[in-house]
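Enquirer: mind folding the following:
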Amino acid sequence: MFERASGILLHPTSLPGEYGIGDLGQAFGWIEFLEAAGQQLWQVMPLGPTGFGDSPYQCFSAFAGNPYLISMHLLEDQGLLPAGALADAPTFPESHVDYGTVIPFKLSKLDISFHYFKEVATPEQQASVAAFRKAQGYWLEDYALFMACKEAHGGRAWNEWDAAIRLRQPDALATYRLEQKDNIDKQVYWQWLFYSQWLSVKNYANAKGIKIIGDIPIFVAYDSADTWANRKQFYLDEDGNPTVIAGVPPDYFSETGQRWGNPLYRWKVMKENGYAWWVSRFKSTLDFFDIIRVDHFRGFEAYWEIPAEEPTAIKGRWVRGPGQDFFDALRRELGTLPIIAEDLGVITPAVEKLRDENDLPGMRVLHFAFAGDPYDPYLPHNYIPNTVVYTGTHDNDTTLGWYAQISPEEKDFVRRYLARDDQDIAWEFVRMAFSTIAVFAIAPLQDMLRLGTEARMNLPGKAGGNWGWRFSWEMLEDWLAPALYDMTNLYARTPYQPPQDTPYRQSITNSDVEEDHH
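Expert: Residues are numbered from 1 along each chain as shown. Next comes the predicted model:
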């Protein structure tokens with residue numbers, strides 16, 4: 001399905017920009033860098049509106065875009081901000097996102113834009129918003145109402161709202177739609193802005209031969225429009241509280257496992273209507289991205305179910321997921337599925353069978369390769385072509401930070417495997433990834449910039465302080481794009497070009513071949 005290529009993992013929040021967080025206006029310059037560096041893939045994390053902890057994996061919606069990413073400069077260019085609206089912008093740090101300062105600033109300017117739009121919008125712009133609202137109404141109306149209700153309840157999670165609206169009683173829904181009309185319209189407008197800006201970015205990337213890899217986390221946040229509006233499809237009690245939640249059991253890395261807290265799906269209920277919510281989710285995600293990485297793929301085969309009252313993930317059980325029936329339903333509705341299966345961790349033969357029967361490439365991470373023996377599946381010589389190799393992921397330390405902390409034995413394994421010294425370990429890992437037979441090779445920008453732990457994107461289990469790293473344009477030094485392009489071309493990850501004749505490889509044509517007349 002996929003052709004050999006390489007790319008860079010970089011979330012839009014990490015882009016430069018003067019308003020405290022990377023935004024979609026800066027993405028055009030980033031795409032130009034990717035093109036100059038010969039990269040055909042740009043991988044991002046989920047683009048949804050983030051909540052407590054700022055994690056893109058805990059969003060208020062599986063369909064909506066993050067308003068913090070909307071570009072203020074693009075709004076100015078479109079005439080959607082009044083003159084001088086940005087004059088009072090504070091001075092933001094360049095190296096990281098200070099969400100506590102950024103969020104109120106961005107939302108206040110987006111609020112100004114909304115009210116200004118009501119005054120100055122052209123008939124064409126008004127028609128565009130109306131058409132967007134109609135086309136996306138299957139998720140947008142619930143999301144906009146959810147966010148308006150959340151604001152009316154001081155930002156509290158939906159299980160702390162007034163009982164009538166928490167339980168979506170018809171009279172309460174009607175009352176809130178009427179009373180919160182302006183806030184609902186505001187949320188619709190913000191999503192129109194996001195979709196317009198993001199699709200311009202995607203079209204620009206595609207025009208330059210660059211595909212965008214997005215991310216679908218298997219589970220959604222409890223405090224989300226998805227859970228609130230689809231309560232019958234989740235294991236919730238009569239008050240809307242989860243009875244069982246998601247996580248993973250204890251393992252080598254954690255004695256108590258990981259208690260994620262996401263609500264679990266009633267897969268049998270979802271099956272009754274052909275997994276309609278999931279079909280809509282994949283369809284919407286494919287509007288945003290060319291390729292989808294499915295996070296925690298193994299959960300479709302079996303998932304770890306934890307009683308909601310348990311404080312850790314120790315007490316739980318494996319429960320069978322929807323399996324092949326789910327992917328058959330997706331394929332019937334959507335056709336070929338351009339999916340990467342995140343199959344990291346302890347993977348059973350049943351999970352591998354589900355992945356392989358759907359011809360989905362799995363993932364290999366080089367950081368995981370050197371703690372074992374020569375038969376470790378993460379070592380490059382054990383790969384198959386239908387694989388995506390990463391130096392590290394958003395959950396890993398940078399390669400430089402990782403290498404500084406591993407054991408002397410692992411370092412010796414790395415040096416012997418590379419057959420060279422470790423003075424430039426980050427770049428050597430990028431080279432190792434690109435040289436493999438894996439169909440895709442991807443590295444975080446931090447590794448290409450040879451950065452240490454200070455540039456780590458996420459430390460799983462850490463409650464705050466994640467998702468903040470940013471780069472500046474000055475960090476993309478003049479040598480980087482040509483060097484990366486040369487490496488990419490050297491390992492045949494640029495668009496295919498027929499080989500030239502050489503003394504040791506000469507081509508022949510059909511006219512050079514005679515028929516057998518004997």
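
Enquirer: buried ones in stretch 222-239?
Expert: Of the residues in stretch 222-239, 222-231, 233-236 count as buried by neighbour count, 16 or more other Cβ atoms under 10 Å. Bear in mind the C-beta positions are built from the backbone N, C-alpha and C, glycine included.

Enquirer: next, format these as JSON lines and append pLDDT and secondary structure.
Expert: Shown next, in JSON lines, are the buried residues of stretch 222-239 (pLDDT from 0 to 100; DSSP: H, G, I helix; E, B strand; the rest coil):
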{"residue": "222", "pLDDT": "97", "secondary structure": "coil"}
{"residue": "223", "pLDDT": "98", "secondary structure": "coil"}
{"residue": "224", "pLDDT": "98", "secondary structure": "coil"}
{"residue": "225", "pLDDT": "98", "secondary structure": "helix"}
{"residue": "226", "pLDDT": "98", "secondary structure": "helix"}
{"residue": "227", "pLDDT": "98", "secondary structure": "helix"}
{"residue": "228", "pLDDT": "98", "secondary structure": "helix"}
{"residue": "229", "pLDDT": "98", "secondary structure": "helix"}
{"residue": "230", "pLDDT": "97", "secondary structure": "coil"}
{"residue": "231", "pLDDT": "96", "secondary structure": "helix"}
{"residue": "233", "pLDDT": "98", "secondary structure": "helix"}
{"residue": "234", "pLDDT": "98", "secondary structure": "strand"}
{"residue": "235", "pLDDT": "98", "secondary structure": "coil"}
{"residue": "236", "pLDDT": "98", "secondary structure": "strand"}
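
Enquirer: now the two most distant members of those residues.
Expert: Farthest pair in the buried residues of stretch 222-239 (Cβ to Cβ) is 225 and 235. Separation: 18.0 Å.

Enquirer: please, where are all the strands along the chain?
Expert: 5-9, 41-43, 211-217, 244-248, 258-263, 291-295, 302-307, 317-320, 339-341, 362-365, 387-390, 440-444 (DSSP state E).

Enquirer: and the ones you listed: which comes nearest residue 64?
Expert: Nearest of the strands of the chain to residue 64, taken as Cβ to Cβ: strand 211-217 at 13.8 Å.

Enquirer: packing partners for the closest one?
Expert: Counting by 3 or more Cβ pairs under 8 Å, 6 or more residues apart in numbering; DSSP states H and E, the packing neighbours recorded for strand 211-217 are strand 41-43, helix 181-207, helix 276-288, strand 291-295.

Enquirer: I'd like to know which of the buried residues of stretch 222-239 is nearest to residue 99.
Expert: residue 223 (16.9 Å).

Enquirer: if I look at the closest residue to that closest one other than its chain neighbours, how far off is residue 147?
Expert: Nearest non-adjacent residue to residue 223, counting by Cβ to Cβ, 6 or more residues apart in numbering: residue 157, 4.2 Å away. Distance of residue 157 to residue 147, given as Cβ to Cβ, to the nearest Å: 13 Å.

Enquirer: ok so, going back, just the pLDDT at the residue nearest to residue 223, thanks.
Expert: Residue 157 is assigned 97 on the pLDDT scale.

Enquirer: again, but for residue 511
Expert: 61.

Enquirer: same question for residue 346.
Expert: Looking at residue 346, its pLDDT reads 80.

Enquirer: specify the beta-bridge partners of the residue nearest to it when sequence neighbours are not counted.
Expert: Leaving aside its chain neighbours, residue 346 sits nearest to residue 251 (6.5 Å; criterion: Cβ to Cβ, 6+ apart). Beta bridges link residue 251 to residue 254, judged by DSSP bridges.

Enquirer: can you tell me which residues contact residue 251?
Expert: Residue 251 sits next to 257, 345, 346 when contact means Cβ atoms under 8 Å, 6 or more residues apart in numbering.

Enquirer: of those, closest to residue 97?
Expert: Nearest to residue 97 among these, counting by Cβ to Cβ, is residue 345 at 28.4 Å.

Enquirer: next one: the closest one from residue 237, what distance?
Expert: Residue 345 sits 30 Å away from residue 237, going by Cβ to Cβ.

Enquirer: ok, residue 111 next?
Expert: For residue 111 relative to residue 237 (Cβ to Cβ), the value is 36 Å.

Enquirer: now do the same contact list for residue 29.
Expert: residue 473.

Enquirer: now the most centrally placed residue in the chain, nearest residue through space, not along the chain?
Expert: Taking Cα atoms, centre = their mean, the centroid of the chain lies closest to residue 45, which sits 2.0 Å from it. For residue 45, ignoring the flanking residues on the chain, the nearest one in space by Cβ to Cβ, 6+ apart is residue 56 at 4.3 Å.

Enquirer: many thanks, have a good one.
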